[in-house]
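Asks: Sequence plus predicted model, see below.
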Amino acid sequence: MVSFVSVFPPYRGGIATFSDYLYRNLKDITQVEAFNFSHLYPSLLFPGKTQFDTTKMDSDYAQRVLHAWNPFNWKKAAEQILSPNPDQVIFSYWHPFFAPAFLKVIGHIQEKASATSIHILAHNVMPHENFPFGETLSGKLLNKADSVILLSQKSLEEASALDLNINISVLFHPVYEQSFPSDSKQELRKKYGFSQEDFIPLFFGLIRPYKGLDLFIEALNTLDLNMNNIKPLIAGEFYTEKEPLISNIREDHKEDYTIIDRFVSDHEMAELFTLSDILVMPYRSATQSGILANAINFHLPSIVTDLKGLTEHVEHKKNSWIISQNNTSELAEAIISLKNSALRSALKEALIPLKEELSWHSFSQQLLSEISKEKP
């Protein structure tokens with residue numbers, strides 16, 4: 001029996017989506033109970049418009065038990081997590097903000113049920129942005145577990161720097177298995193106001209400084225968008241100041257851009273990935289990426305920065321295009337190169353076996369094998 005503690009729908013975002021997929025796949029092979037947060041981020045610390053995906057408000061399979069910043073809740077939450085008498089408890093971890101709550105909950109579990117093994121599935125060992133005492137909090141929490149499961153070699157590098165004294169295993173970020181939209185690419189382009197001749201590079205996801213939207217714009221500024229029929233599409237809520245970024249767009253380019261400044265639902269995401277020609281990810285840092293996993297699912301060729309967290313499972317000019325960090329001239333050249341439809345078709349074909357290799361079924365089986373090992 002497994003108790004799985006994470007953020008789940010109706011909370012929104014990549015970790016909630018990942019947890020939803022993992023819970024549903026684990027449920028097919030073992031007994032598992034899901035435990036969600038009752039309160040996730042305080043409003044003052046959350047830069048977005050809402051923490052919830054309004055299309056998933058009926059998602060109630062995960063019990064909402066854990067208040068992230070109320071210490072008077074943590075003992076009760078631990079008791080609820082132990083209520084199914086689990087053999088293992090998995091905690092999803094991605095930010096030091098949650099370390100104090102997890103530390104206390106784990107402490108209560110270990111005090112009350114010492115035979116229960118504790119496992120931390122760490123999406124990030126360290127956050128993308130600086131956080132006070134982040135390294136100390138992460139190290140203390142991870143050392144509290146019986147094992148830590150990571151999703152990339154980049155995370156392993158970060159964990160190694162913390163001098164952890166626990167069993168660490170590295171799996172992978174599975175490819176999301178969402179169905180293609182019922183509408184065709186042609187119909188979707190008409191729906192969103194694009195022509196069939198347009199070449200659409202997509203920049204997708206919450207807009208944060210480390211994702212390099214400024215680099216995308218700077219690269220496009222060096223190109224003749226009109227002559228090349230390039231229509232950039234930016235989709236995602238801005239978690240940084242929008243105006244300084246948008247003001248960098250060349251004046252004669254502004255009418256060529258489509259900007260969707262809000263949270264994008266899974267349904268709409270599938271449509272945008274289907275109507276676009278390439279995904280552009282000029283990230284400055286990465287541990288792994290659910291957005292890249294979505295691109296693989298929809299057979300969308302991607303331009304990615306040469307970062308371990310992005311390139312572990314993709315190959316340059318075989319199933320993706322890899323560029324140097326902070327190199328806008330390489331990015332511009334890659335965008336022009338991928339206007340070649342035959343080249344894009346070859347990349348798409350090569351994504352099909354990769355999608356099978358990085359399946360949720362395989363990931364879930366491997367994860368269950370790791371957490372089922374006897375405690376040392």
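Replies: Now that the structure is in, tell me what you want to look at.
Asks: can we go C-alpha only for contacts and neighbour counts from here?
Replies: Fine.
Asks: mind listing the strands for this protein?
Replies: Secondary structure of the chain (DSSP state E): strands at 2-5, 32-39, 63-67, 88-93, 117-122, 147-150, 167-170, 201-204, 233-235, 258-260, 278-281, 302-305, 321-323.
Asks: I'd like the ones you listed laid out as TSV, including mean neighbour count.
Replies: Below are those laid out as TSV (neighbours: other C-alpha atoms under 10 Å):
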stretch	mean neighbour count
strand 2-5	25
strand 32-39	20
strand 63-67	20
strand 88-93	22
strand 117-122	23
strand 147-150	24
strand 167-170	16
strand 201-204	24
strand 233-235	20
strand 258-260	15
strand 278-281	25
strand 302-305	25
strand 321-323	22
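Asks: What separation is there between the residue nearest to Val105 when sequence neighbours are not counted and Arg284?
Replies: With C-alpha to C-alpha, 6 or more residues apart in numbering as the criterion, Val105 has its nearest non-adjacent residue at 5.1 Å, and that residue is Ala78. From Ala78 across to Arg284, the span is 37 Å (C-alpha to C-alpha, to the nearest Å).
Asks: neighbour-wise, which of those two wins?
Replies: Ala78 (21 against 17; other C-alpha atoms under 10 Å).
Asks: ok, now which ones touch that one?
Replies: By C-alpha atoms under 8 Å, 6 or more residues apart in numbering, the contact set of Ala78 is 105-106, 108-109.
Asks: pLDDT and distance to Ser182 for those - can I get that in CSV?
Replies: Formatted as CSV, those follow (pLDDT from 0 to 100; distance: C-alpha to C-alpha, whole Å):
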residue, pLDDT, distance to Ser182
Val105, 98, 44
Ile106, 98, 45
His108, 97, 48
Ile109, 97, 46
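Asks: Could you tell me how many residues sit around the closest residue to Leu245 other than its chain neighbours?
Replies: For Leu245, ignoring the flanking residues on the chain, the nearest one in space by C-alpha to C-alpha, 6+ apart is Asp214 at 6.1 Å. A count of nearby residues for Asp214, using other C-alpha under 10 Å, gives 19.
Asks: just Leu343 next, same as before
Replies: By other C-alpha under 10 Å, 15 other residues sit near Leu343.
Asks: Same check on Ser43?
Replies: 11.
Asks: hang on, the earlier thing: as TSV, the strands of the chain with distance to Leu26 would be great.
Replies: As requested, these are exported to TSV (distance: least, C-alpha to C-alpha, whole Å):
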stretch	distance to Leu26
strand 2-5	9
strand 32-39	7
strand 63-67	17
strand 88-93	12
strand 117-122	14
strand 147-150	15
strand 167-170	18
strand 201-204	29
strand 233-235	31
strand 258-260	34
strand 278-281	30
strand 302-305	29
strand 321-323	33
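Asks: rewinding a little: for the residue nearest to Val105, give me the pLDDT.
Replies: At Ala78, the model reports a pLDDT of 97.
Asks: Please tell me the pLDDT value assigned to the most far-flung residue of the chain relative to its centre.
Replies: When each C-alpha in the chain is compared with the mean C-alpha position (C-alpha atoms, centre = their mean), Met227 comes out farthest, at 34.6 Å. For Met227, the model assigns a pLDDT of 95.
Asks: can you tell me how far it sits from Gln110?
Replies: 64 Å.
Asks: quick one, domains of this protein?
Replies: 2-174+359-371, 185-357 (automatic domain parsing).
Asks: Out of these, which gets the lowest mean score?
Replies: domain 2-174+359-371 (a mean of 90).
Asks: All the helices of the stretch 51-200 of the chain, residue numbers only.
Replies: 74-82, 99-112, 134-142, 153-160, 185-192 (DSSP state H, counting those that start in this stretch).
Asks: what's in contact with the longest one?
Replies: The set of residues that contact helix 99-112 without belonging to it, under C-alpha under 8 Å, 6+ apart, is 68-69, 71, 74-75, 77-79, 82, 91, 116, 118, 137-138, 141, 144.
Asks: Tell me the one of these nearest Gln31?
Replies: Leu82 (13.8 Å; C-alpha to C-alpha).
Asks: biggest helix in this structure, by residue count?
Replies: helix 341-357 (DSSP state H).
Asks: How far off centre is that one?
Replies: On the basis of C-alpha atoms, centre = their mean, to the nearest Å, helix 341-357 sits 21 Å off its chain's mean C-alpha point.
Asks: just checking, what packs against it?
Replies: helix 290-297 (3 or more C-alpha pairs under 8 Å, 6 or more residues apart in numbering; DSSP states H and E).
Asks: other SSEs contacting the helix it packs on?
Replies: With contacts taken as 3+ C-alpha pairs under 8 Å, 6+ apart, helix 290-297 sits against helix 341-357.
Asks: Now for the nearest residue in space to Thr116 that is not next to it in sequence: which residues touch it?
Replies: Closest residue to Thr116 apart from its sequence neighbours, by C-alpha to C-alpha, 6+ apart: Asp87 at 5.0 Å. By C-alpha under 8 Å, 6+ apart, the contact set of Asp87 is 1-2, 115-117.
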